[in-house]
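In: task: produce atomic coordinates for the following.
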Amino acid sequence: MTETIAPMPAQIDQQQLACELVDKARADGIELAGPDGLLTGLTKTVLETALDAEMTDHLGYGKHDPAGRGSGNSRNGTRAKTVLTEIGPVQIEVPRDRDASFDPAIVRKRQKRLEGISQIVLSLTARGLTTGEVAAHFEEVYGAKVSKDTISRITGTVVAEMAEWRDRPLDRVCSVLFVDAIMVKVRDGQVTSRPVYVVIGVTVHGERDILGLWAGDGGEGAKFWLGVLTEIKNRGTEDVCMVVCDGLKGLPESITTAWPRAVVQACIIHYADLRAGFPS
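Out: Numbering: from 1, shown residues only. You can find the predicted model right below:
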C-alpha cells in the first residue's frame, strides 16, 4: 500500500511580498506609518487573524461550520480594543464567545500593550531616561500616551524578577568559579566607568551558570571581591574546588578566606604573563 505524501508548501519570499505591498501602498497613496498606514493595517490584520484562529481552536470548529450547531458554545461577535504596539496604537476586533470562556494568548484579556513595548521601555530606562522622558518619547514617536505609572510598573516587574534571580539559592558544591570584573559606562547624573563584578560557576555536572553581577564603585578591588564571594557562600555554595581569576593583588586571599581549600588558578592570559616574568 502506497502512502501519498502531501507536497510541502512553498516558502514565502518575504522580500518579494514586502516589495509588492509597498508598491501597492504607494500606488494607492497609502502611507507606510501612521494610524491609517500600511504597517498599522498589516498589524491589525495579523492580530485579528491570529485571534480568530485561537477562537477556532477554542471552540473546535471554524466559522459557519455546521459542526458547531448544538455544541453549547459559539461565536458571539467581536469587541473593539486598542493595543499599543511598536508602531503605535492599533485598534483590533477581538472575537467573543457566548459563555465568555475564550481567553486568547496573542492579546490577553485586559492587555493594553504587546510585549515589544515593555522591551522598548526597559531599553530606554536602561539608557538613563526618566519615566517622564520615556512617556514623552512614546507620545512623540508613536503618538501614544503611556502613563508614568505604567512605565514604573513595567520596570518594577523586571526589577523584582532580577532580585529573585540575584537572591536564588546556589548549589552546595561548585567545581570551578571564574571571577572577573569588566569596566562599563554607567549614567548616574554623568557618564562614568564603573566595574561590574562577574562570577560564572561550573557545576559538578559540567553546566555553566552566571551566579551574579555586582556593580562596584571606582576601580576593581579585592575588598569588594571578598563581599561578593561571601555572598555566594551565604547563598549556599559551601565548597569550591577551583577559582580562576586574574592577577589582582589581594584577590587570592579573598578567595581562600571564603573557601580555604579552594585552588586558586590564574587565567591563561595572566598565567602567560606570570610565566614571561620568570625564567623557565
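
In: residues in contact with the closest residue to residue 238 other than its chain neighbours?
Out: Closest residue to residue 238 apart from its sequence neighbours, by C-beta to C-beta, 6 or more residues apart in numbering: residue 172 at 5.2 Å. C-beta here means a position set from N, CA and C on the backbone, and glycine is covered the same way. With contact set as C-beta atoms under 8 Å, 6 or more residues apart in numbering, residue 172 has these partners: 236, 237, 238, 239.

In: now swap in residue 193 and tell me
Out: 183, 184, 185, 186.

In: let's see 7 Å
Out: 183, 185 (C-beta atoms under 7 Å, 6 or more residues apart in numbering).

In: helix or strand for it, just tell me which one.
Out: strand 190-202 (DSSP states H and E).

In: parallel or antiparallel, which strands does that strand pair with?
Out: Strand pairing for strand 190-202, using DSSP bridges, gives strand 173-188 (antiparallel), strand 208-215 (antiparallel).

In: worst mean pLDDT among those strands?
Out: Looking at the strands paired with strand 190-202, the lowest mean pLDDT belongs to strand 173-188 (a mean of 86).

In: buried stuff in that one?
Out: 174, 175, 176, 177, 178, 179, 180, 181 (16 or more other C-beta atoms under 10 Å).

In: quick one: buried residues of the strand holding residue 193?
Out: 194, 195, 197, 198, 199, 201, 202.

In: likewise for stretch 231-251?
Out: For stretch 231-251, by 16+ other C-beta under 10 Å, it's 231, 232, 233, 237, 240, 242, 243, 244, 245, 248, 251.

In: please verify my assumption that the last one contacts residue 222.
Out: Yes. At 5.0 Å, residue 251 and residue 222 qualify as touching, with contact defined as C-beta atoms under 7 Å.
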